[in-house]
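S.K.: sequence and predicted structure, then a few things I'm wondering about:
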Amino acid sequence: MMNITFTKMHGCGNDYIYINCLENMIENPEGLSRLVSDRHFGIGGDGVVLICPSEIADAKMRMFNADGSEGKMCGNAIRCVAKYLYDHQIVPKNTMSIDTLSGVKIIQVYAENGKMTSATVDMGKPNLEPSALPILMDRTESIVNMPFTIENKDYHITTVSMGNPHCVIITDNIESINLPIVGPTFELNPIFPESVNTEFIEIVSRTSINMRVWERGSGETLACGTGACASVVAAVLNGHCDFDTDIEVNLLGGKLIIRYSDHGVFMTGPATTVFKGEIEWDGYLIR
Ligand SMILES: N[C@H](CCC[C@H](N)C(=O)O)C(=O)O
C-alpha cells in the first residue's frame, strides 16, 4: 500500500490525473486507469499522466488513456505538465522541454503572478505517410479527402500523425454525429492496427473550425490538442483553411489556436489546476 498524491488538471476540459514521479515511479501505472473510469470508486477523468525525470529534457511525460493504454503524445496534457513544473518552481523557466514517446517538445510558458496561464507548444511536423499512422493500406502517398466506407457508411478521410494517429472527417454538421456509435467503428477497425483518434470537423471560415473527437482509449473527450493540430492540417490540405495562419479550433471544452507552417504545427491554449488529493494505492485496488 502506498499513498499517492495527485493533481487534477485540464486543458479545455480534457482532464487527467497528474502524478509527480520525479522522485519515485509508480508500479503498474496502467492499473491507475481504475481511478479514471469510475467516478464513484475513483477520481474520474480522461486518463492519467505521470511526470517523470528525463536525461534529455526538463521532464518526461507518460500519458495513459482511460482504458490503460499508453498514448504517444497528448497536447492538452503537455501544457498541464508544463504548468505543474512551472507553478511548483521545479522548472522555473519560460521555455522548457518535455520528452514524450513522440520526441521532445518545446513549450513557451505564459505566466501571471508566478502561475502559468497558457502555453504555446511546438508540436512538431505532421507525418502524412499512411505507414506512420499506421493504416493497413497498400498506399504510400498521403490520404487526403479519400473515400472510405465503414459499416456501410461513406466518409471522406484525411489521415495525419502528430506522433499519435488521427483520422479527420470534414462534415457540415458535427452536432448530428452519433459519436458513441460512430467513434468505435473507427477506433476498433482492424485497418488501424494501433487504433486511431477520430475527429469530425466543420469549417467555419478560413481561420476557424469546430471539432468533436472520439479518442482511442478514452471515447469522446471535450478537447484533444493533437486532434486539433491534425484537424487544422487536414483543413489546410483540403484547401479550407490558411497555411501559416492562426486557426481557431472550437471544441466542446474550450478553444485552441493552431498554426500549421513550414516550421511545423504550433498549439496555443490554457492549462488549469482543479484540485489536489491523495489516494491509498496498492497497485490494483482502490481502498
Ligand atoms: N487528449 C490528447 C490526445 C490523446 C490521444 C490518445 N487518445 C492516444 O493517442 O492514444 C491530446 O490532447 O492530444
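M.R.: Done, it's in.
S.K.: how many other residues sit next to residue 138?
M.R.: Each residue near residue 138 was counted by other CB atoms under 10 Å, and the total is 5. Using the backbone N, CA and C atoms, a C-beta is placed for each residue, glycine as well.
S.K.: kindly report the same for residue 54.
M.R.: Residue 54: 16 neighbours (other CB under 10 Å).
S.K.: try residue 129
M.R.: Considering only other CB under 10 Å, residue 129 is surrounded by 15 other residues.
S.K.: before we move on, what about residue 142?
M.R.: Residue 142: 16 neighbours (other CB under 10 Å).
S.K.: which secondary structure state is assigned to it?
M.R.: When classified by DSSP: H, G, I helix; E, B strand; the rest coil, residue 142 comes out as coil.
S.K.: please name the nearest non-neighbouring residue to it.
M.R.: Counting by CB to CB, 6 or more residues apart in numbering, residue 142 lies nearest to residue 128, which is 3.6 Å off, once chain neighbours are set aside.
S.K.: quick one, grab the pLDDT at that neighbour.
M.R.: Here, the pLDDT recorded for residue 128 equals 98.
S.K.: what do you get for the one 10 residues further on?
M.R.: Taken from the predicted model, the pLDDT recorded for residue 138 is 93.
S.K.: so which bits of the stretch 101-250 of the chain are right by the ligand?
M.R.: Contact residues (CB under 6 Å from any ligand atom) of the stretch 101-250 of the chain with the ligand: 164, 197, 215, 216, 217, 218, 221, 224, 225, 226, 227.
S.K.: kindly recompute the last result at 5 Å.
M.R.: 164, 215, 216, 217, 224, 225, 226 (CB under 5 Å from any ligand atom).
S.K.: my guess is the second one contacts residue 227. True?
M.R.: Yes. Between residue 215 and residue 227 there is a contact at 7.4 Å, judged by CB atoms under 8 Å.
S.K.: what sits in contact with each of those two?
M.R.: The contact sets of residue 215 and residue 227 overlap at residue 197 (CB atoms under 8 Å, 6 or more residues apart in numbering).
S.K.: more neighbours: which of those two?
M.R.: Neighbour totals were compared for residue 215 and residue 227, and residue 227 leads with 31 against 28 (other CB under 10 Å).
S.K.: and that one, which of the three is it?
M.R.: From three-state DSSP, the assignment for residue 227 is helix.
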